[in-house]
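K.L.:
next come a sequence and a model predicted from it.
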Amino acid sequence: METPVGIVGFGTYFPPHIQTAADLVPLTGIPEHVLREKMGIRQRHIADDANTVTHMATLAAQKAIAAAAISPSAINLVISHGSEHKDHLVWNAASKIQHNVGAVNAYAFEMYALCAGAPIAMNTARGMMQSDPRLQYVLLAAGSRENDLINFRNERARFMFNFGAGGGAMLLQRGAPHNHILGASAITDGSLSESVILTEAAVGAEQPIVGELRGRLDVTDPDFMAERLGTVSLTNFVRVIRESVEVGGASLSDLAFLGITHMKRSFYLQILESVGLTADQSVYLEDYGHVQSVDQVLALQLGLAQGKIKPGDLIVLAGAGTGYTWSAVALRWG
């Protein structure tokens, strides 16, 4: 019998500066009602220079550790699954987070699957913990401020205008008594591997991002990306959600809550309908925007705060990241 692995603490952090839909109107040229109703952006948090990726991830991690009521010295591994747009280039952000939280007995590494990262990181950590009894506590932490990489004058980047900043963290325990990870699934469509890249050809490339690095996120072939995602995205979301549940020994009809990455409202509602849920069984991140692989722990936090997740519920956390990967992880809460 597999050793159970569960969530014993989690936390989030968001920088105090807020940019509303009204603030975005002069920047984007998009009417406020379209930003709010169609794109689902009521507001988002924006990071200043002090709120680096590791700083935001650290503050979230400290909340997760406090919630678990353990000493940081008990943590055996720190995995950073946050943004590659981080404090320094070609650098292991996990070691900085480990140092910041005082996890002196841990080792640390990064894994990166863009906005599909959280479910994959949870499943990776679970597998490592089940195969290695020395890993009693594993900290997963992520931070993102990829909104820095968007230029609002580039119409091709419109679907990324919802990017926001923040940090999220989960603390996993080997042999945890509750909140068990049951199963996970992921699928990648490599035909979209270069659909979104950082390029100097993007509008606004004259502005440096980090040091001398210049460019902005851009879509290389908008027509192909739109056509391909229109063909496969819903199918792949439903597939990974269903498979994550079935691997855990349940069925899609048992699903009680879905925490999913922020996206335009119509597609979000379509996914819910396709897996047999309503908006009352999920949360829409319109007050935060899309914060890369922080979205899943945020959705979990909001779902609990709003009473949408109850003890015994089967829940799924899901995401998708350019590349293009869809991922999901199923948990039995409580």
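P.N.:
Thanks, I have the structure now.

K.L.:
make it CA atoms for all contacts and neighbour counts henceforth
P.N.:
Noted.

K.L.:
show me how the protein divides into domains.
P.N.:
The chain breaks down into these domains under automatic domain parsing: 5-177, 182-332.

K.L.:
just give me the lowest mean pLDDT stretch among the ones you listed.
P.N.:
Note on the domains of the chain: lowest mean pLDDT is at domain 182-332, with a mean of 93.

K.L.:
wait, what's in contact with Gln264?
P.N.:
Careful, residue 264 is Lys; it's not Gln. By C-alpha atoms under 8 Å, 6 or more residues apart in numbering, the contact set of Lys264 is Lys38, Met39, Gly40.

K.L.:
neighbours of Val53, how many?
P.N.:
26 (other C-alpha atoms under 10 Å).

K.L.:
my read: it touches Gly143, true?
P.N.:
Yes: with contact defined as C-alpha atoms under 8 Å, Val53 reaches Gly143; the gap is 4.6 Å.

K.L.:
still on that earlier bit, export the contacts of Lys264 to a markdown table and tack on distance to Thr28 and neighbour count?
P.N.:
Shown next, in a markdown table, are the contacts of Lys264 (distance: C-alpha to C-alpha, whole Å; neighbours: other C-alpha atoms under 10 Å):
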| residue | distance to Thr28 | neighbour count |
| --- | --- | --- |
| Lys38 | 14 | 14 |
| Met39 | 12 | 24 |
| Gly40 | 15 | 24 |
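
K.L.:
take the residues you listed and keep only those in strands.
P.N.:
Among the contacts of Lys264, no residue falls in strands (DSSP state E).

K.L.:
turn these into a markdown table, including distance to Lys308.
P.N.:
Listed next are the contacts of Lys264 as a markdown table, based on distance: C-alpha to C-alpha, whole Å:
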| residue | distance to Lys308 |
| --- | --- |
| Lys38 | 24 |
| Met39 | 23 |
| Gly40 | 20 |
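
K.L.:
would you list every one of the helices in this structure?
P.N.:
For the chain, the helices defined by DSSP state H occupy 21-28, 32-33, 53-68, 93-101, 117-131, 222-247, 265-274, 295-305.

K.L.:
now for the fifth one, which elements pack on it?
P.N.:
I take that to be helix 117-131. Other helices and strands packing on helix 117-131, by 3 or more C-alpha pairs under 8 Å, 6 or more residues apart in numbering; DSSP states H and E, are strand 5-13, strand 137-144, strand 180-188, strand 314-321, strand 325-332.
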